[in-house]
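1. Fold the following, please.
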Amino acid sequence: MYYLKQGNVITLVQEEDSNYESDASKNSGKTSLNMDSIMKRLFTLKNKKPIIDFLNSIYGDDIGYEAEVYYPNVENLNRNINNGLLSFRADLYIEVTYKDKLYDYAIEFQTKYEKDMGIRIFRYGFDKAVKNSMELNKNTIDISFPEPYLIVLEKEKGLEDKINLRIKFPKQGSFNYKINVLKYWEYDLQRLFEENKYLLYPLQLFNYRRFMENLKISKQSEEKKRLSVEKINVHILTTIKNTLEAISEAYKCDKITLEDYSEMLSVIQNLNDYFIDTYNYYKGLSQEVEVMFKSFYDPEVEKRGIIKGFEKGIQKGTNDAKEEIARKLLREGMGYEFVAGITELNLERIKEIAKEIIS
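-> Here you go, the predicted structure:
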């Protein structure tokens, strides 16, 4: 258990012991799939529009963009292994104040469905409700649960749109605790846009994780694996390209800012790095993905004139000056590929500088 600070948000991160941890310790140089970090990047954007659009979409509320958004420090991160496939999850609590009304939300993200989710969500909701209870009357104690929502990223057969947790009280009847479910694999980019869920654009790469994981542990011959990968890699590149186009279009439509654009690309980059480090058969795509990132993001930055001043400094600057510019860009949330292209420093050095900033 540890505290993680990002901006003005302090998060309590709790990790459960699992086989994943022992594997990770053996491969400490590899990129881990940190769902907590991914969701934090998306849901703590400085621009509230994508977040409020998403909340209105899934909860059916009508919150305005001038609302105040707050993230309580009750977030949890867990990694489990179920049937040989790693399962990652992150719990996110959001409180929104709009027109003197408080909206209390609890969103759980899960890569794959687990049967105890309903119980877990109820338990965390109850803990938060108790912590938030303001008055304790001798005879009546009022507690208010956050409104739950479950987002499952990878396909699960038979999963309904709602989970029901029936709570029975001796001699007092029973109560149904209902949790709505968003099945992410049913959403392509067009549907995400139409339903104002474009905040989740960067997660499209998850559609391939199960395939890559199963291929990794498969007993097929190396030749068959190679052929399978060649076919799926075409689809992966198309998905990344289409996702970048969708993000670029959202920027042009003023749904996201340039800073949001950078954060979304950082999430895709994190997932891409995870794929590269975890699945050997995916490594060949890294250069093509890097070129794609630059072709989409760099022109938008250049249009805004952000890089003009930096370019003059780069032309005259020493290596120390380039690294200082890299630090400034990284602190502004710019992606690794972008910073490397602007400063002409190699990507490994950019990643080292990013680690120095965090430490």
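
2. I'd say Lys155 and Trp185 touch.
-> Yes: Lys155 lies in contact with Trp185 (C-beta atoms under 8 Å); the separation is 4.3 Å. Heads up, the C-betas are built off the backbone N, CA and C, glycines and all.

3. Centre of the chain to the longest helix along the chain, how far?
-> Counting by DSSP state H, the longest helix found in the chain is helix 222-252. Chain-centre distance of helix 222-252: 18 Å, with C-alpha atoms, centre = their mean, to the nearest Å.

4. do stretch 326-344 as well
-> For stretch 326-344, the distance to the chain centre is 21 Å (C-alpha atoms, centre = their mean).

5. By mean pLDDT, which helix or strand of this protein comes out lowest?
-> The least trusted helix or strand in the chain, going by mean pLDDT, DSSP states H and E, turns out to be helix 19-26, with a mean of 34.

6. and the residue with the largest distance to the centre of the chain, what element?
-> For the chain, the residue at maximal distance from the C-alpha centroid (C-alpha atoms, centre = their mean) is Lys171, at 43.7 Å. Lys171 belongs to no helix or strand when assigned by DSSP states H and E.

7. And the helices in the chain?
-> With DSSP H as the criterion, the chain has helices spanning 19-26, 35-43, 49-59, 117-132, 189-194, 209-217, 222-252, 258-278, 286-304, 308-316, 319-331, 336-343, 347-358.

8. residues in contact with stretch 349-359?
-> 323, 326-327, 330-331, 336, 339-340, 343, 345 (C-beta atoms under 8 Å, 6 or more residues apart in numbering).

9. how about low-confidence regions in the stretch 251-359 of the chain?
-> Residue ranges of the stretch 251-359 of the chain with pLDDT under 70: 280-287, 297-318, 359.

10. ah, wrong one, I meant the stretch 1-150 of the chain
-> 1-34, 73-90, 134-138.

11. rerun at 80
-> 1-37, 73-91, 131-140 (pLDDT under 80).

12. what's the neighbour count on Trp335?
-> For the record, residue 335 is Gly, not Trp. Neighbours of Gly335 under the rule other C-beta atoms under 10 Å: 24.

13. isn't it right up against Ser266?
-> Yes: counting by C-beta under 8 Å, Gly335 touches Ser266, with 5.0 Å between them.

14. Output the helices of the chain in TSV, with distance to Tyr98 appended to each entry.
-> Formatted as TSV, the helices of the chain follow (distance: least, C-beta to C-beta, whole Å):
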stretch	distance to Tyr98
helix 19-26	39
helix 35-43	17
helix 49-59	9
helix 117-132	18
helix 189-194	24
helix 209-217	36
helix 222-252	23
helix 258-278	21
helix 286-304	31
helix 308-316	39
helix 319-331	31
helix 336-343	35
helix 347-358	34
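
15. and of these, who's closest to Tyr105?
-> helix 49-59 (6.4 Å; C-beta to C-beta).

16. So what angle separates the directions of that closest one and helix 258-278?
-> 70 degrees (axes from the mean of the first three to the mean of the last three C-alpha atoms, to 10 degrees).

17. now helix 49-59, how far from the chain's geometric center?
-> 15 Å.

18. Show which residues not belonging to that helix make contact with it.
-> 43, 45, 61-65, 67, 69, 94, 96, 103, 105, 147, 149, 180, 182, 195-200, 250, 255-256, 260.

19. Let's see that with 7 Å instead.
-> For helix 49-59, the surrounding residues in contact (C-beta atoms under 7 Å, 6 or more residues apart in numbering) are 43, 45, 61-63, 65, 67, 69, 96, 105, 147, 149, 182, 195-199, 255-256, 260.

20. List the contacts of the residue nearest to Ala106 when sequence neighbours are not counted.
-> The shortest distance from Ala106 to any non-neighbouring residue, by C-beta to C-beta, 6 or more residues apart in numbering, is to Pro146 (3.9 Å). Contact analysis of Pro146 by C-beta under 7 Å, 6+ apart lists 93, 104-106, 125, 128.

21. Against Thr97, how distant is Pro146?
-> Between Pro146 and Thr97 the distance is 14 Å, computed by C-beta to C-beta, to the nearest Å.

22. still on that earlier bit, give me the buried subset of the contacts of helix 49-59.
-> Neighbour counting over the contacts of helix 49-59 (16 or more other C-beta atoms under 10 Å) leaves 43, 45, 61, 63, 67, 69, 96, 105, 147, 149, 182, 196-199, 255-256, 260 as the buried ones.
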